[in-house]
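Trainee: Make a model of this:
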Amino acid sequence: MAAPAPGLISVFSSPQELGASLAQLVAQQAACCLAGARGRFALGLSGGSLVSMLARELPASAAPAGAANLARWTLGFCDERLVPFEHAESTYGLYRAFPGDSIPVFDLLILGVGPDGHTCSLFPDHPLLQEREKIVAPISDSPKPPPQRVTLTLPVLNAARMVIFVATGEGKAAILKRILEDKEENPLPATLVQPHTGKLCWFLDEAAARLLTVPFEKHSTL
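Mentor: Predicted coordinates:
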């Protein structure tokens, strides 16, 4: 099987620079959507290390838009652990589908990727990778604790207008090389995220990108 196009790959010198650039891109994408005919911005967020990164950088980037524009943002979660909201493993809140659409279309999804190639709560070789009817699906046998979760499915991920994968640290280098460069008979979940009409981007730091041989753009805010 031929490897799909990896999308635009951007590499930053540190997680801090990556986070600042990511927040700026989110704010720019929001401004474009709010100025359009729909007048709304739908943002899908993942948990894990992205939470602290976005919590640190996004408020300052989004603040200039003003409260009125921020009220037109719709936030969804790309997956969630089935634990109480107060639990340390909770991404917070349950995903709610947008009314009126058979498949919700996010303006922007920000996804992480695990060292096994999973994204959201879609894990390698799991039956949920074949799900085509549900937009949100439960999982009770997650190989990563906690075992019970809910997740967006691939049809929703691939309907998005823009998808950004974020990965930092040397521990992600090997799996990123497999995702972005290798041709595998059974593609990893993150490899299967290929937006039908949207844009796919990767935001990596230098440690995560160290094994890549495909072309990428080097960024620095210094």
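
Trainee: can you list the weak-confidence ranges in the protein?
Mentor: Along the chain, the model assigns pLDDT under 70 to residues 1-7, 84-102, 221-222.

Trainee: same thing but 90
Mentor: For the chain, the stretches with pLDDT under 90 are 1-8, 16, 19, 23, 44-105, 133-136, 144-146, 183-185, 218-222.

Trainee: Which residue ranges of it form helices?
Mentor: Taking DSSP state H as the criterion, the chain contains helices spanning 15-34, 49-62, 67-70, 154-157, 173-181.

Trainee: Need the winner for burial among those helices.
Mentor: Mean neighbour count (mean count of other C-beta atoms under 10 Å) peaks for helix 154-157 among these, with a mean of 22. The way it works is simple: take the backbone N, C-alpha and C, and place the C-beta from them, glycine included.

Trainee: Redo the helices of the chain as JSON lines? Include distance to residue 110.
Mentor: Listed next are the helices of the chain as JSON lines, based on distance: least, C-beta to C-beta, whole Å:
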{"stretch": "helix 15-34", "distance to residue 110": "7"}
{"stretch": "helix 49-62", "distance to residue 110": "6"}
{"stretch": "helix 67-70", "distance to residue 110": "17"}
{"stretch": "helix 154-157", "distance to residue 110": "11"}
{"stretch": "helix 173-181", "distance to residue 110": "16"}
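
Trainee: Among those, which comes closest to residue 81?
Mentor: Closest approach to residue 81 among these is made by helix 49-62 (12.5 Å; C-beta to C-beta).

Trainee: thought residue 189 was touching residue 123?
Mentor: Yes: taking contacts as C-beta atoms under 8 Å, residue 189 lies within contact range of residue 123: 6.5 Å.

Trainee: Out of the helices of the chain, which gets nearest to residue 198?
Mentor: Among the helices of the chain, the nearest to residue 198 by C-beta to C-beta is helix 154-157 (9.7 Å).

Trainee: Grab the nearest non-local neighbour of residue 118.
Mentor: residue 189 (5.1 Å; C-beta to C-beta, 6 or more residues apart in numbering).

Trainee: Relative to residue 125, how far out is the one you found?
Mentor: 9 Å (C-beta to C-beta, to the nearest Å).
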